[in-house]
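[1] sequence-free structure coming up:
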């Protein structure tokens, strides 16, 4: 304000020196003249201030650069947390489930073989890899996997299984499942769900790591044999319709209340399911009762379905006790490592007789399932000609 008054006085003084008359002395003229002078001086100072501010801004930008934009929502990440040391009890909760093999992307598989194994059965898995599992690597239509639960394992056992999976690419690991007999049915169910959703299997074969499977013959019969019609609904194995409920044994199932005998089911040493049945199990997994015996559970789950093609095949030696050795067997259960190696070597040498020296042995009779009779008369072991 003082500067304005000084400039105004200077303006009047210059006018007086030039001999010009001073502005009119009436009140209106003085007010108007003062207003004009103040507006001119204010505009002058404003323009000078803006120019100075612009020059200062350009200097700052030249020294520091343009400001960075605020990061988007996807870029506002917290810094990575430091790795934690987990106890054995915490490990299962930190693992994804299931833990699939890493060797390929999910593609449609014609046949997926699921061999149930346990964390400690590394030697059995080695024997299978050296024998009939080789058929999987030779046949692009089939993929073979060991199904193993990892829940509750210590850090060393977990690391060992992961290394085995990464080395052989044939293990389906279930990190959230404790591998015990009580969880066997849940284990098989999870494997079925994976085979349907991830492997997109047209057929799935469940067996154990002590089963010997002639996979090439299984594949040929699925594609061309008597089992080919209605293949999507096939349930193929060795059936039992007159198996009593074991009330006093490790297999005692307190959830079974349907009958004093189990419903017809294919023994768990090896059986084949078509894609329609596999998809039914997958879609209804949350509503299925997990009976203690996995093979009984599968037979019970599929019992009410229509158009299930149950194929009883005596060439499936898949009961809990082997019936012996027959050269026509497609699946043989309860075989030792030495027996598997001997059978595989005979097949590799071109023989079609896997039994030792080609000699067949029989421990007990077999049977053809009589689907026209009640279950109490379905499975009579009378005919010695049945393998």
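    Structure's in. What do you need? Here the structure is a predicted model, which is why all the values come from computation and not from measurement.
[2] which residues in this protein form helices?
    2-17, 27-64, 91-94, 122-130, 134-138, 155-168, 184-197, 215-224, 275-283, 294-302, 337-348 (DSSP state H).
[3] need the helix or strand of the chain with the lowest average pLDDT.
    helix 91-94 (a mean of 37; mean pLDDT, DSSP states H and E).
[4] lowest average pLDDT across the helices of the chain?
    Lowest mean pLDDT of the helices of the chain: helix 91-94, a mean of 37.
[5] residue 317 contacts residue 326, doesn't it?
    Yes: under the criterion of Cβ atoms under 8 Å, residue 317 makes contact with residue 326 at 7.2 Å. (Glycine included, C-beta is placed from N, CA and C.)
[6] more neighbours: which of the two?
    Neighbours per residue (other Cβ atoms under 10 Å) separate residue 317 from residue 326, with residue 317 holding more: 28 against 19.
[7] for the stretch 251-387 of the chain, which segments count as strands?
    Counting by DSSP state E, counting those that start in this stretch, one finds strands in the stretch 251-387 of the chain at the ranges 265-266, 270-274, 309-312, 316-317, 324-325, 331-332, 361-362.
[8] strand partners (parallel or antiparallel) of the first one?
    So the one you mean is strand 265-266. In the sheet, strand 265-266 lines up against strand 239-240 (antiparallel) (DSSP bridges).
[9] show residues contacting the strand it pairs with.
    Outside of strand 239-240, the residues that reach it under the criterion Cβ atoms under 8 Å, 6 or more residues apart in numbering are 262, 264-267, 310, 312, 319, 369, 378-379.
[10] again with stretch 325-335
    207-208, 210-214, 217-218, 221, 267, 269-270, 313, 315-322, 343, 352-356, 358, 360-362, 387.
[11] if we go to 7 Å?
    Residues from elsewhere that reach stretch 325-335 (Cβ atoms under 7 Å, 6 or more residues apart in numbering): 207-208, 210-214, 217-218, 269-270, 315-319, 321-322, 352-355, 358, 360-361, 387.
[12] same question for stretch 263-274.
    203-208, 211, 213, 231-241, 294-296, 298-300, 303, 316, 318-319, 331, 333, 375.
[13] give the PyMOL command for selecting the buried subset of the residues you listed.
    Here is the PyMOL command that selects only those of the contacts of stretch 263-274 that count as buried (16 or more other Cβ atoms under 10 Å):
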select buried, resi 203+204+205+206+207+208+211+213+231+233+234+235+236+237+238+239+240+241+294+295+296+298+299+300+316+318+319+331+333+375
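[14] in terms of pLDDT, where does the closest residue to residue 362 other than its chain neighbours sit?
    Spatial nearest neighbour of residue 362, chain neighbours left out: residue 324 (4.3 Å); criterion: Cβ to Cβ, 6 or more residues apart in numbering. We have a pLDDT of 93 for residue 324.
[15] got a list of what residue 324 touches?
    Residues near residue 324 by Cβ under 7 Å, 6+ apart: 361-363.
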